[in-house]
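Peer 1: Quick one: sequence plus predicted model below, questions after.
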Amino acid sequence: MEFIHHLDLLLRARFTLICINSYEEERILDNILTLCEKSARQCYMWDHADFFQVLMESSAKLPTAKDPLTVLEQIDKMTGEIVFVLRDFHNCWHNQPRIIRKLRTLGQHLKYTKKTIIITAPCSVVPEELRDEMVILDFPPPGPSHLKKILNGLLSAPNVKYKLSNREYETMINASLGLTSNQARRVFSKAIVSEGILDHRDIDTIKQEKKSIIRQSDALELYTTTDTIADVGGVGVLKNWLKMRKRAFSKEAEEYGLPPPRGIALIGIPGTGKSLAAKMVANLWGLALIRADIGALFGSLVGQSEERTRRALRLVETIAPCVLWIDEIEKGLSVGEGDGGTSMRVFAQILSWMQEKSAPVFIVATANDITRLPPELLRRGRFDEIFFLDLPTVTERKEIFKVHLKKRKRDPESFDLDRLVSASEGFVGAEIEQAVIEGMYIAFNDPKEPAREFNTEDILAALRKLIPMSKSQREIIGELRRWLLEGRAQSASFQEAKQAARQFVNIQLEPALN
């Protein structure tokens with residue numbers, strides 16, 4: 001209804017050229033017809049296959065036109081309050097300056113009439129000459145009410161069996177958010193016929209189908225995560241921050257007057273668990289996790305990158321509430337040269353959305369190279385907090401060893417954790433995990449006793465062989481930790497981590513930074 005209201009305003013304001021972007025041609029036509037019926041407007045449609053067609057009853061003679069130029073000439077001649085829907089007309093202006101010129105002139109003439117041209121297309125690749133004349137609208141994916149209409153229509157068919165509680169029914173609808181009408185209909189139909197009955201088991205089937213469909217968007221991927229807060233060692237400050245906001249998207253929080261959190265930036269040393277923390281957030285809060293690959297947004301055609309960005313952000317908002325995980329954001333947002341300003345426009349588009357979004361989308365952005373992060377990205381308003389993930393402290397290393405030993409179904413108390421913690425100073429979480437795995441390989445391939453149970457000595461031997469990043473890239477790690485100590489971010493760990501960082505970079509700080 002919101003889209004119909006917006007379109008009605010444009011028609012009444014005599015906007016003459018409108019381009020609606022979506023693959024959902026049928027839903028667009030239904031909306032236009034609903035609007036024309038309410039306002040008593042005539043409605044004609046034209047496409048390359050069937051030429052002019054009447055969508056609303058009219059006594060006027062149907063115009064004849066088989067080529068785009070004649071179509072525009074016929075539209076110019078007709079009189080009355082008319083909406084012309086031109087399907088896939090974007091194919092007609094490619095390398096066709098006469099069509100572009102005629103459409104531009106016609107758009108200027110129609111300002112003094114009650115006629116409007118609506119072009120439906122799957123993308124908004126509009127010629128530069130028409131950008132000032134044409135309004136571009138993004139058609140939103142179907143919401144819960146439309147998805148319910150589709151599902152109810154399928155369930156009302158003869159011989160269709162279903163067994164769903166009200167809660168399971170609502171969960172199934174929410175699991176389908178982000179799909180187009182046709183995609184939702186296909187997914188529902190597949191779920192119905194797969195087992196002969198639609199029940200709670202098909203919720204997972206729908207989620208898997210949705211995951212596959214979203215992956216086709218190139219830039220987005222729906223993650224299924226099982227990583228809990230117990231699977232992340234250390235980062236106690238970050239965990240406490242997240243626990244405090246666990247009910248942030250609930251009805252109670254809204255009634256209390258709390259705004260939903262906007263997002264966090266996780267910055268710091270590679271291998272410290274930034275990506276794992278992003279997965280933990282979604283699991284802790286019970287929200288869908290969507291991973292965005294910003295680099296995949298960029299296309300070779302003019303306007304393609306901006307269109308992909310709009311479509312991706314619109315899809316994320318439809319699936320909301322959700323967690324949007326932007327991994328290594330500095331790689332996607334680093335402004336390139338010689339691309340005609342495309343990187344700048346995409347970057348500005350994403351920043352504007354992060355600032356102005358009203359949908360409950362919580363952003364988790366991770367970054368390793370802080371030198372490539374533009375300052376405007378990290379200012380307040382786009383993120384609620386900026387956390388720095390440092391080298392794990394003594395306490396955190398012990399937690400990390402416990403996590404990875406339990407993950408391999410071993411009892412941590414069977415190992416000398418104090419010796420392991422002491423030998424792993426300067427190791428990040430990923431390196432500690434690799435040491436545990438390497439220790440298992442040492443025991444598994446022991447020539448004296450193959451496949452024996454691994455022990456503390458095996459892990460210590462693995463640690464001695466590994467060269468931690470804190471040594472191999474000491475200068476880089478030092479600069480990263482200096483960034484924390486200068487007060488640009490909050491440590492994801494407790495005060496012990498900042499003290500260790502101070503010793504590492506060997507600088508004196510003023511008391512205000514403590």
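Peer 2: Right, received. Where do you want to start?
Peer 1: hang on, residue 85 is in a helix, isn't it?
Peer 2: No: judged by DSSP: H, G, I helix; E, B strand; the rest coil, residue 85 forms no part of a helix; its state is strand.
Peer 1: Residue 265 versus residue 331, what's the distance?
Peer 2: 14 Å (Cβ to Cβ, to the nearest Å). C-betas here are computed from N, CA, C, even on glycine.
Peer 1: give the contact list for residue 325.
Peer 2: Residue 325 makes contacts with 223, 275, 278, 279, 282, 289, 290, 291, 292, 364, 366, as judged by Cβ atoms under 8 Å, 6 or more residues apart in numbering.
Peer 1: Need phi/psi at it.
Peer 2: When read as degrees, to the nearest 10, the backbone of residue 325 gives phi -100, psi 110.
Peer 1: gap between the residue nearest to it when sequence neighbours are not counted and residue 10?
Peer 2: What sits nearest to residue 325 in space, not counting adjacent residues and going by Cβ to Cβ, 6 or more residues apart in numbering, is residue 278, at 4.3 Å. To residue 10, residue 278 is 40 Å away according to Cβ to Cβ.
Peer 1: okay, those two: which has more neighbours?
Peer 2: residue 278 (25 against 15; other Cβ atoms under 10 Å).
Peer 1: The host helix or strand of the more buried one: how far from the chain's middle?
Peer 2: Applying DSSP states H and E as the criterion places residue 278 in helix 274-285. With Cα atoms, centre = their mean, to the nearest Å as the basis, helix 274-285 stands 15 Å off its chain's centre.
Peer 1: what packs against that helix?
Peer 2: Contact here means 3 or more Cβ pairs under 8 Å, 6 or more residues apart in numbering; DSSP states H and E; on that basis helix 274-285 packs against helix 236-244, strand 263-268, strand 288-292, strand 322-326, strand 361-367.
Peer 1: With mean pLDDT and distance to residue 48 as new columns, can those be given to me in TSV?
Peer 2: As requested, the helices and strands packed on helix 274-285 are exported to TSV (pLDDT from 0 to 100; distance: least, Cβ to Cβ, whole Å):
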stretch	mean pLDDT	distance to residue 48
helix 236-244	91	53
strand 263-268	90	45
strand 288-292	90	35
strand 322-326	91	38
strand 361-367	91	38
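Peer 1: can you list these in CSV and add distance to residue 384?
Peer 2: As requested, the helices and strands packed on helix 274-285 are exported to CSV (distance: least, Cβ to Cβ, whole Å):
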stretch, distance to residue 384
helix 236-244, 9
strand 263-268, 6
strand 288-292, 18
strand 322-326, 13
strand 361-367, 9
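Peer 1: So which of these is nearest residue 378?
Peer 2: strand 263-268 (6.2 Å; Cβ to Cβ).
Peer 1: could I have stretch 190-205 exported to PDB, CA atoms only?
Peer 2: Extracted in PDB, the C-alpha atoms of stretch 190-205 (Å, rounded to 0.1, in the frame of the first residue of the first chain):
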ATOM      1  CA  LYS A 190       8.300 -27.700  -3.100                       C
ATOM      2  CA  ALA A 191       7.800 -27.900   0.700                       C
ATOM      3  CA  ILE A 192       4.200 -29.100   0.300                       C
ATOM      4  CA  VAL A 193       5.000 -31.900  -2.200                       C
ATOM      5  CA  SER A 194       8.300 -33.100  -0.700                       C
ATOM      6  CA  GLU A 195       6.700 -35.100   2.200                       C
ATOM      7  CA  GLY A 196       3.100 -34.900   1.200                       C
ATOM      8  CA  ILE A 197       2.300 -32.600   4.100                       C
ATOM      9  CA  LEU A 198       3.400 -29.100   5.100                       C
ATOM     10  CA  ASP A 199       4.500 -29.100   8.800                       C
ATOM     11  CA  HIS A 200       7.200 -27.600  11.100                       C
ATOM     12  CA  ARG A 201       9.900 -29.700   9.300                       C
ATOM     13  CA  ASP A 202       9.500 -27.700   6.200                       C
ATOM     14  CA  ILE A 203      10.600 -24.500   7.900                       C
ATOM     15  CA  ASP A 204      14.200 -25.700   7.600                       C
ATOM     16  CA  THR A 205      13.600 -26.700   4.000                       C
END
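Peer 1: how far is that stretch from where the chain is centred?
Peer 2: That offset, for stretch 190-205, works out to 27 Å (Cα atoms, centre = their mean).
Peer 1: in that stretch, what's buried?
Peer 2: 191, 192, 198, 202, 203, 205 (16 or more other Cβ atoms under 10 Å).
Peer 1: nearest to residue 418, of those residues?
Peer 2: residue 203 (46.2 Å).
Peer 1: which one of the helices and strands packed on helix 274-285 lies closest to residue 464?
Peer 2: strand 263-268 (25.8 Å).
Peer 1: For the buried residues of stretch 190-205, work out which two are farthest apart.
Peer 2: 192 and 203 (13.0 Å).
Peer 1: Please name the nearest non-neighbouring residue to residue 117.
Peer 2: residue 84 (4.9 Å).
Peer 1: okay, now the one you found: neighbour count?
Peer 2: Residue 84 has 24 neighbouring residues, counting by other Cβ under 10 Å.
Peer 1: Touching, it and residue 118? I think so.
Peer 2: Yes: at 6.9 Å, residue 84 counts as touching residue 118 under the criterion of Cβ atoms under 8 Å.
Peer 1: Now for the closest residue to residue 196 other than its chain neighbours: which residues touch it?
Peer 2: Distance criterion Cβ to Cβ, 6+ apart; nearest residue to residue 196, sequence neighbours excluded, is residue 161 at 6.5 Å. Listed by Cβ under 8 Å, 6+ apart, the contact set of residue 161 reads 196, 197, 198.
Peer 1: Let me see the confidence value for residue 161.
Peer 2: We have a pLDDT of 90 for residue 161.
Peer 1: how much space between it and residue 289?
Peer 2: 33 Å.
Peer 1: for residue 392, same thing?
Peer 2: When residue 392 is compared with residue 289 (using Cβ to Cβ), they lie 24 Å apart.
Peer 1: Can you show me the CA trace of stretch 131-143 as CSV?
Peer 2: Output of stretch 131-143 as CSV, limited to C-alpha atoms (Å, rounded to 0.1, in the frame of the first residue of the first chain):
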residue,chain,number,x,y,z
ARG,A,131,18.4,10.9,-15.6
ASP,A,132,17.0,14.4,-15.0
GLU,A,133,13.7,13.6,-16.8
MET,A,134,13.0,10.1,-15.2
VAL,A,135,12.1,9.1,-11.7
ILE,A,136,13.5,5.7,-10.7
LEU,A,137,11.6,3.6,-8.2
ASP,A,138,12.7,0.4,-6.4
PHE,A,139,9.8,-2.0,-6.1
PRO,A,140,9.9,-3.6,-2.6
PRO,A,141,9.9,-7.4,-2.2
PRO,A,142,6.7,-8.9,-0.9
GLY,A,143,5.9,-8.4,2.8
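Peer 1: By mean pLDDT, which helix or strand of this structure comes out lowest?
Peer 2: Across the helices and strands of the chain, mean pLDDT, DSSP states H and E gives its lowest value to helix 495-505, namely a mean of 54.
Peer 1: Three-state assignment for the residue lying farthest from the centre of the chain, please.
Peer 2: Centroid-distance maximum for the chain: residue 448 at 52.1 Å, with Cα atoms, centre = their mean. Three-state call for residue 448 (three-state DSSP): coil.
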